[in-house]
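Enquirer: this one's sequence-less:
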């Protein structure tokens, strides 16, 4: 059955099927007799409605471990994605800042271009 626990419900299902076989509604098969032997060897539950309770500390620890693992996975994915973007779109370290002399030379070129444009306009 879909929503049943074999450990708790097998004996109950066996009783129902045995009644149907004795009344003639169903026929016994090899698979059923094999399953019936297997179920008969196990101890029936004392109360099928009571489910064994799990300790309350275990789920919290498991939940914390799952959350931590997912956080680490997301962090790793982000770092991988970011490094791929940097390598793809030119975040290379080769283009370092210009030296003081290079900066001053570039600044002089720009100023000379500006002054030549202003003189042409006037």
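Expert: Arrived safely, thanks for sending. These figures come from a predicted structure and were not determined experimentally.
Enquirer: going forward, measure contacts and count neighbours with C-alpha atoms only.
Expert: Fine.
Enquirer: Helix or strand next in line after the helix or strand where residue 71 lies, which one?
Expert: Assessed by DSSP states H and E, residue 71 sits inside helix 57-88. Downstream of helix 57-88, the next assigned helix or strand under DSSP H and E is helix 100-121.
Enquirer: tell me which residues of that next one are tucked away?
Expert: Along helix 100-121, not one residue counts as buried under the neighbour rule (16 or more other Cα atoms under 10 Å).
Enquirer: One more: stretch 32-41?
Expert: For stretch 32-41, by 16+ other Cα under 10 Å, it's 36, 39.
Enquirer: Pull the residues that contact that stretch.
Expert: If you take Cα atoms under 8 Å, 6 or more residues apart in numbering as the criterion, stretch 32-41 is touched by 10-11, 14.
Enquirer: could those residues be laid out in CSV, adding neighbour count and secondary structure?
Expert: CSV is the format used below for those (neighbours: other Cα atoms under 10 Å; DSSP: H, G, I helix; E, B strand; the rest coil):
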residue, neighbour count, secondary structure
10, 21, helix
11, 19, helix
14, 16, helix
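Enquirer: Among the residues you listed, pick out the one closest to residue 86, please.
Expert: Closest to residue 86 out of these is residue 10 (60.0 Å), distances taken as Cα to Cα.
Enquirer: could you measure the closest one against residue 3, distance?
Expert: 12 Å (Cα to Cα, to the nearest Å).
Enquirer: for residue 15, same thing?
Expert: 18 Å.
Enquirer: So for the two, which residue has more residues nearby?
Expert: Comparing residue 15 with residue 3 by other Cα atoms under 10 Å, the one with more neighbours is residue 15, at 12 against 5.
Enquirer: where in the protein is pLDDT low?
Expert: Low-confidence segments of the chain (pLDDT under 70): 1-2, 47-57, 91-95, 122.
Enquirer: change it to 90
Expert: 1-15, 17, 26, 28, 32, 35-36, 38-65, 86-99, 113-122 (pLDDT under 90).
Enquirer: Name the residues of the helix holding residue 71 that come out as buried.
Expert: Per 16+ other Cα under 10 Å, helix 57-88 contains no buried residues.
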